[in-house]
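K.L.:
turn this into a structure:
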Amino acid sequence: MLAPLQRLLTFALIAAAGSWWFYFRDSSPVLAIAGCLLIVFGYAGLLALEFVILRFVNQSDPTPKPNWAELFRAWL
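P.N.:
Here you go, the predicted model:
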C-alpha cells in the first residue's frame, strides 16, 4: 500500500521539477535550476527534519533511541 504512494510521489516530484525547469528556463536559468533542485531535494530536507524530531519525541518509549550516526545512515 505504501510503495505505490511513494512511487506516485516520486513521479509527481519529477514532473513538478521538470515543469518548473521548462517554464523558467528561457526567462531565468538560475531560477529554473534553483527551483528544480529545491523541488527534487526539498523532500530529503523534510525527511531530515523528521529524523531530527524523531530523536526528541516520545522520550518514554522503552525501545532504545537511535544515535545521530544511525539517523544519518537511515537518511542516506
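
K.L.:
show me what stretch 66-76 is in contact with.
P.N.:
Stretch 66-76 is contacted from outside by Ala44, Leu47, Ala48, Phe51, Val52, Leu54, Arg55, using C-beta atoms under 8 Å, 6 or more residues apart in numbering. C-beta here means a position set from N, CA and C on the backbone, and glycine is covered the same way.

K.L.:
let's see it at 7 Å
P.N.:
Leu47, Ala48, Phe51, Arg55 (C-beta atoms under 7 Å, 6 or more residues apart in numbering).

K.L.:
centre of the chain to it, how far?
P.N.:
With C-alpha atoms, centre = their mean, to the nearest Å as the basis, stretch 66-76 stands 15 Å off its chain's centre.

K.L.:
try stretch 59-71
P.N.:
Centroid separation between stretch 59-71 and its chain, computed with C-alpha atoms, centre = their mean, is 21 Å.

K.L.:
show me which of the contacts of stretch 66-76 are buried.
P.N.:
For the contacts of stretch 66-76, a burial check counting by 16 or more other C-beta atoms under 10 Å picks out Phe51.

K.L.:
with secondary structure and pLDDT as extra columns, can I get the contacts of stretch 66-76 in TSV?
P.N.:
Shown next, in TSV, are the contacts of stretch 66-76 (DSSP: H, G, I helix; E, B strand; the rest coil; pLDDT from 0 to 100):
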residue	secondary structure	pLDDT
Leu47	helix	84
Ala48	helix	86
Phe51	helix	82
Arg55	helix	81
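
K.L.:
okay, the contacts of stretch 66-76 in JSON lines with distance to Thr10 next?
P.N.:
As requested, those are exported to JSON lines (distance: C-beta to C-beta, whole Å):
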{"residue": "Leu47", "distance to Thr10": "13"}
{"residue": "Ala48", "distance to Thr10": "17"}
{"residue": "Phe51", "distance to Thr10": "19"}
{"residue": "Arg55", "distance to Thr10": "26"}
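
K.L.:
okay then, goodbye and thanks.
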